[in-house]
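> predicted model and sequence below, questions to follow.
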Amino acid sequence: MTQPFNRVLGILAAALAATGLIAATPASAQAPEKKKITIAVGGKGLFYYLPLSVAERNGYFKEEGLDVEIPDFAGGAKALQALVGGSADMVSGAYEHTINMAAKKQPIKAVVLQAKFSSIVLVMPKERAARYKGPADLKGLKIGVTAPGSSTHMFVNNILAKGGLKPGDVSIVGVGAGSGAVAAMEKGEIDAISNLDPVITQLEATGKFAAVADSRTEKGMQEIYGGDYHASVIYITDEFIKKNPNTVQAVVNAMVRANRWIAKATPQQIVDLMPDAYKGGNPSLYKEGLLKNMIGYSEDGQMSMKAAQNVYKVLRQFEPSVIKAGDSLRLEQTFDNSFARKAAAKYK
């Protein structure tokens with residue numbers, strides 16, 4: 001009796017599933033709990049966040065069952081504020097923020113790595129750059145960053161610390177991550193700028209400005225940070241991850257697919273995919289900037305403790321909350337590779 005009875009149950013279950021009265025378990029288990037989400041970003045057109053734009057423009061978010069809105073802010077600190085304030089579900093931003101927030105007992109986690117090079121550059125007018133000998137020469141300068149508190153600001157603080165200076169030894173001005181940043185330098189409103197491409201390449205192309213610290217190369221990364229690093233990531237609150245694990249997995253799937261696509265694409269394919277608004281009317285110059293950044297992207301979205309420790313070493317030089325937290329700060333709580341591992345196994 002057992003076998004016929006089981007067959008009957010199987011036929012009945014199949015019939016119910018076919019009519020939609022019960023859902024197929026594997027599909028329902030993977031469906032995003034929250035399909036419409038907001039990912040805040042500070043400078044969407046920057047190469048620092050290229051995987052985010054690739055995921056959006058290649059339709060990867062939609063294919064993962066998501067409807068994603070991406071509000072663009074002047075800098076990463078502003079995007080973080082959107083997350084803390086509840087107007088964003090997650091952020092495409094700098095990993096540094098996860099350590100800062102952990103130190104403040106407001107845990108957020110990085111769930112996928114976009115870039116392993118920070119690709120931030122400190123640029124000065126050529127005459128001043130020619131006289132630059134080291135961090136001590138920054139004292140008293142007015143330095144532009146995307147937004148105070150952003151990764152570009154932390155980049156400046158790190159350089160200052162290497163020269164025995166404090167954050168207050170310079171004046172910091174938020175200039176954004178677009179044409180306003182270029183204009184601020186060209187008009188002489190600031191003495192130096194800490195920013196990213198395509199802004200930096202636009203300034204270099206004028207022939208009037210030169211880099212004095214450049215993390216777009218392996219040599220620069222070694223000199224400035226000491227090696228492995230976590231740069232741009234997608235970070236989320238612990239609460240959102242617990243409530244919406246399938247949504248998080250869907251986002252990470254899309255981002256890892258974007259990482260994989262970038263690794264295999266030609267520079268021209270990437271240029272063609274991006275909107276005209278990113279290129280400032282000069283696609284060839286945009287491509288030139290892209291080529292300077294291609295080495296810095298992650299291929300599988302996974303992070304390492306070694307890179308996390310390097311970021312921590314940088315921040316504990318100047319971030320009051322990180323200094324105060326000391327050894328009580330647990331770096332393993334600032335990132336979670338489980339989603340990226342699943343995505344990397346799914347999308348080879």
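Received the coordinates, thanks. Being a predicted model, the structure only gives us computed values, none of them experimental. Numbers count the residues shown, from 1 in each chain.
> can I see the domain layout of this structure?
With domains defined by automatic domain parsing, the chain comprises 31-118+229-346, 121-214.
> tell me which of the ones you listed lies nearest to residue 223.
domain 121-214 (8.0 Å; Cβ to Cβ). All C-beta spots, glycine's among them, are computed from the backbone N, C-alpha and C.
> gap between the two ends of that closest one?
Distance between the boundary residues of domain 121-214 (Cα to Cα, to the nearest Å) amounts to 4 Å.
> count the residues that sit near residue 273.
16 (other Cβ atoms under 10 Å).
> what segments of the stretch 101-250 of the chain are helices?
Shown for the stretch 101-250 of the chain, the helices assigned by DSSP state H, counting those that start in this stretch span residues 126-131, 151-162, 179-186, 199-205, 218-225, 238-243, 245-264.
> what comes up buried for the longest one?
When you say that, I think you mean helix 245-264. Using 16 or more other Cβ atoms under 10 Å as the test for burial, helix 245-264 gives 246-262.
> so which residues make contact with the following helix or strand past it?
Going down the chain from helix 245-264, the next helix or strand is helix 267-273, by DSSP states H and E. For helix 267-273, the external contacting residues (Cβ atoms under 8 Å, 6 or more residues apart in numbering) are 50, 53-54, 57-58, 262, 265, 279, 283, 286-287, 290-291, 294.
> among those, name the buried ones.
Buried, going by 16+ other Cβ under 10 Å: 50, 53-54, 262, 279, 286-287, 290, 294, out of the contacts of helix 267-273.
> any chance of a markdown table for those residues, columns distance to residue 272, pLDDT and secondary structure?
Putting the buried ones among the contacts of helix 267-273 into a markdown table (distance: Cβ to Cβ, whole Å; pLDDT from 0 to 100; DSSP: H, G, I helix; E, B strand; the rest coil) gives the following:
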| residue | distance to residue 272 | pLDDT | secondary structure |
| --- | --- | --- | --- |
| 50 | 14 | 98 | helix |
| 53 | 13 | 98 | helix |
| 54 | 12 | 98 | helix |
| 262 | 13 | 98 | helix |
| 279 | 10 | 95 | helix |
| 286 | 11 | 97 | helix |
| 287 | 10 | 98 | helix |
| 290 | 11 | 98 | helix |
| 294 | 15 | 97 | helix |
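> where does the prediction get shaky in the protein?
Counting by pLDDT under 70, the chain shows low-confidence ranges at 1-29.
> geometric centre of it: which residue is closest?
residue 232 (2.3 Å; Cα atoms, centre = their mean).
> what residues are up against the closest residue in space to that one that isn't next to it in sequence?
Leaving aside its chain neighbours, residue 232 sits nearest to residue 114 (4.1 Å; criterion: Cβ to Cβ, 6 or more residues apart in numbering). Contact analysis of residue 114 by Cβ under 8 Å, 6+ apart lists 48-52, 92, 231-234, 255, 259, 297-298, 301.
> need the buried ones from those selected in ChimeraX.
Buried residues within these, by 16+ other Cβ under 10 Å, are selected in ChimeraX with:
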select :48,49,50,51,52,92,231,232,233,234,255,259,297,298,301
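> distance to residue 157 added to the contacts of helix 267-273, as TSV?
Shown next, in TSV, are those (distance: Cβ to Cβ, whole Å):
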residue	distance to residue 157
50	25
53	28
54	30
57	34
58	36
262	29
265	34
279	31
283	35
286	29
287	32
290	28
291	29
294	27
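> for burial, what's the neighbour tally of the nearest residue to residue 319 once chain neighbours are set aside?
Of all residues not flanking residue 319 in the chain, residue 100 sits nearest, at 6.1 Å (Cβ to Cβ, 6+ apart). Using other Cβ under 10 Å, residue 100 has 22 neighbouring residues.
> is residue 100 in contact with residue 318, as I believe?
No - the pair residue 100 / residue 318 is not scored as a contact, 11.2 Å apart, by Cβ atoms under 8 Å.
> circling back: any chance of the helices of the stretch 101-250 of the chain in TSV, plus distance to residue 143?
Output for the helices of the stretch 101-250 of the chain, formatted as TSV (distance: least, Cβ to Cβ, whole Å):
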stretch	distance to residue 143
helix 126-131	12
helix 151-162	6
helix 179-186	11
helix 199-205	14
helix 218-225	16
helix 238-243	34
helix 245-264	31
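> for residue 193, which of these is the nearest?
helix 179-186 (5.2 Å).
> of the buried ones among the contacts of helix 267-273, which is the nearest to residue 68?
residue 53 (11.5 Å).
> which residues touch the closest one?
So residue 53 contacts 44-45, 273-274, 278 (Cβ under 8 Å, 6+ apart).
> the same query, at a cut-off of 7 Å, please.
When contacts are counted by Cβ atoms under 7 Å, 6 or more residues apart in numbering, residue 53 touches 44, 274.
> can you tell me how far it is from residue 155?
22 Å (Cβ to Cβ, to the nearest Å).
> ok, residue 337 next?
Counting by Cβ to Cβ, the gap from residue 337 to residue 155 is 25 Å.
> got it, and residue 323?
Separation of residue 323 from residue 155 (Cβ to Cβ): 18 Å.
> count the residues that sit near residue 242.
Neighbours around residue 242, by other Cβ under 10 Å: 9.
> and if you look at residue 332?
Residues lying near residue 332 (other Cβ under 10 Å) number 8.
> could you do the one 3 residues further on as well?
Residue neighbour count, defined by other Cβ under 10 Å, stands at 25 for residue 335.
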